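# Generate coordinates for the sequence data below:
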Amino acid sequence: MPYAELKQDATSVRASTGTPATGLLDIDPVTFRGCFDRRPFLIGHALTNHPLFEISRLMRLCRSLPESSVEYNAGNIPISVDPKRTPGNGLSAEETIRRIAQCRSWLVLKYVEQDPEYRALLHDCLAEVAWQSESLRPGMFLEQGFIFLSSPGSVTPYHMDPEHNFLLQIRGSKRIHMFDGRDRSVLSEEELEQFYRGGHRNLAYPTNGNRRGWTFDLSPGFGLHFPVTAPHYVRNGEEVSVSFSITFRTPDLKRRRLVHIGNAFLRRRGFRPRPAGMHPRYDFLKYLAFGAISRIHQFFGGGGPS
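Just a heads-up that it's a prediction; the model follows:
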């Protein structure tokens, strides 16, 4: 849904604040402008008692989603885990939700916008984000929502994600450890290239002690912004956690992805490509070249440059 339609969903504007009138999110414009896609920052939200996040409604949502949109596993895992060795919990998805307080599991309902009620809520929330983000990163698209249910004490392993993301804590609490994805001592060019070529989101957590980052204790009524590809892991609190992740892409992320894919292509052929973001002119040329190659591969049924 393009930004113009998102904005139309929030046509009423508070004259005193200049923000959409839905009032679902509490975003400080100065903080947003200074930190968006650079540093994590907290926001407020008014969804803690929303009926769409009741367990009975989430079970109905789970039943309505395709199997590919439900992912779950055991939650008592280390912060660094090979995705191929992530243990299951021996339960069905519905049983996992029903027994989430006791079964020591982690579950995510993906692309919840497939359900009209969740789609409307997602778009209402993102209309308020777009009010802040369009002047910085115009062209919001591919709006997607994810709902996470976690047992007490469960772990979400160290990983990164490709979208602009605001994680809204609905129930329970979690401690989030996040690191600066722009720091190449934290996240290497090679790791980024592998990720954008289709590698798994999980990362190997380094054992060196020189990692600079942030820790947030997220409680109901608060949300956290995750910069794109900022590595992080999560430890759940002592109660069941329910979180709503509202995400979107912008055209600059498509360009970023193609530059990393281009660098991976060059690196595998013995070149030492200039890091993404270091030289905008070279980035633009890679974007044009590998964008054209990708379109040709897609036209002929291929998967793009590799």
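# for the nearest residue to Phe216 once chain neighbours are set aside, what are its contacts?
In this structure, Phe216 finds its nearest non-sequential neighbour in Ile176, 4.7 Å apart by Cβ to Cβ, 6 or more residues apart in numbering. Where C-beta positions appear, they are placed from N, C-alpha and C, glycine not excepted. Counting by Cβ atoms under 8 Å, 6 or more residues apart in numbering, Ile176 makes contact with 167, 215-216, 218, 224, 232-234.
# repeat for Gly44
Shown in contact with Gly44 (Cβ under 8 Å, 6+ apart): 25-27, 221-223.
# ok but it is inside a strand, no?
Yes - the assignment for Gly44 by DSSP: H, G, I helix; E, B strand; the rest coil puts it in a strand.
# Bridged to it, which residues?
Asp26, Phe222 (DSSP bridges).
# In the stretch 1-150 of the chain, what residue spans correspond to helices?
3-9, 29-35, 55-64, 93-98, 116-133 (DSSP state H, counting those that start in this stretch).
# okay, those, which one's buried deepest?
helix 116-133 (a mean of 21; mean count of other Cβ atoms under 10 Å).
# CA atoms of that helix as CSV?
The C-alpha trace of helix 116-133 is given here as CSV (Å, rounded to 0.1, in the frame of the first residue of the first chain):
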residue,chain,number,x,y,z
PRO,A,116,-8.0,-7.9,7.0
GLU,A,117,-8.3,-6.8,10.6
TYR,A,118,-4.5,-7.0,11.2
ARG,A,119,-3.9,-5.4,7.9
ALA,A,120,-6.0,-2.4,8.9
LEU,A,121,-4.2,-2.1,12.2
LEU,A,122,-0.8,-2.4,10.6
HIS,A,123,-1.6,0.4,8.1
ASP,A,124,-3.0,2.6,10.8
CYS,A,125,0.3,2.3,12.7
LEU,A,126,2.5,2.7,9.7
ALA,A,127,0.5,5.8,8.7
GLU,A,128,1.9,7.4,11.8
VAL,A,129,5.4,6.2,11.1
ALA,A,130,5.2,7.5,7.5
TRP,A,131,4.3,10.9,8.8
GLN,A,132,7.8,11.0,10.2
SER,A,133,9.7,8.9,7.8
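# roughly how far out does it sit from the chain middle?
Helix 116-133 sits 15 Å away from the centroid of its parent chain (Cα atoms, centre = their mean, to the nearest Å).
# Can you get me a residue count around the nearest residue to Phe179 once chain neighbours are set aside?
Closest residue to Phe179 apart from its sequence neighbours, by Cβ to Cβ, 6+ apart: Gly213 at 3.8 Å. Neighbour count for Gly213, taken as other Cβ atoms under 10 Å: 15.
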